[in-house]
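Trainee: Just a sequence and a predicted model for now, questions to come.
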Amino acid sequence: MARVRHWHTGIHQLRARGWTISAIADRLGRDRKTVRHDLTTDLDQILASARERRPNGHINRFKPYLQQRFRGGATNAAAL
């Protein structure tokens, strides 16, 4: 969530300095539609949307197994 706040703040700061949407997108390496969305959408709404897209604990049921494997030396995430 800190990353989302960082992007949102940066976009608004550049816009306040008079930068165009295209210039902000180029500077930050973001799509113009993303910049426009961040400018027109409240931060709380963006954060709520990000929380909704986050997986809701699907890995939790495998956590004991993964921790056991990690303690046993298996550190390759792809192999696990």
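Mentor: Good, I have the coordinates.

Trainee: what bits of the chain have low per-residue confidence?
Mentor: Applying pLDDT under 70 to the chain flags the ranges 53-57.

Trainee: run the last query once more with 90
Mentor: Filtered on pLDDT under 90, the chain yields the residue ranges 1-4, 46-67, 70, 73-80.

Trainee: which of the residues in the longest helix that it contains are buried?
Mentor: In the chain, taking DSSP state H as the definition, the longest helix is helix 2-16. Residues of helix 2-16 classed as buried: 7, 8, 11, 14, 15 (neighbour count, 16 or more other CB atoms under 10 Å). Placement of C-beta: from N, CA and C, glycine included.

Trainee: farthest pair in those residues?
Mentor: Using CB to CB, the buried residues of helix 2-16 span at most 12.5 Å, a distance reached by 7 and 15.

Trainee: before we move on, the earlier item: same for the longest helix of the chain, what does it pack against?
Mentor: Here helix 2-16 touches helix 21-28, helix 32-40, helix 43-53, going by 3 or more CB pairs under 8 Å, 6 or more residues apart in numbering; DSSP states H and E.

Trainee: and residue 77, helix, strand or coil?
Mentor: On the three-state scheme (DSSP: H, G, I helix; E, B strand; the rest coil), residue 77 is labelled coil.

Trainee: Distance of it relative to residue 58?
Mentor: 15 Å (CB to CB, to the nearest Å).

Trainee: how about this structure, which residue sits the furthest from its center?
Mentor: Relative to the centre of the chain, and counting by CA atoms, centre = their mean, the farthest-placed residue is residue 72 at 31.6 Å.

Trainee: residues in contact with that residue?
Mentor: Applying CB atoms under 8 Å, 6 or more residues apart in numbering, we find residue 72 in contact with no residue.

Trainee: For it, what are phi and psi?
Mentor: Main-chain torsions, residue 72, degrees, to the nearest 10: phi -80, psi 0.

Trainee: re earlier: nearest approach to residue 3 belongs to which of the helices and strands packed on helix 2-16?
Mentor: Of all these, helix 43-53 sits nearest to residue 3, with 9.4 Å by CB to CB.
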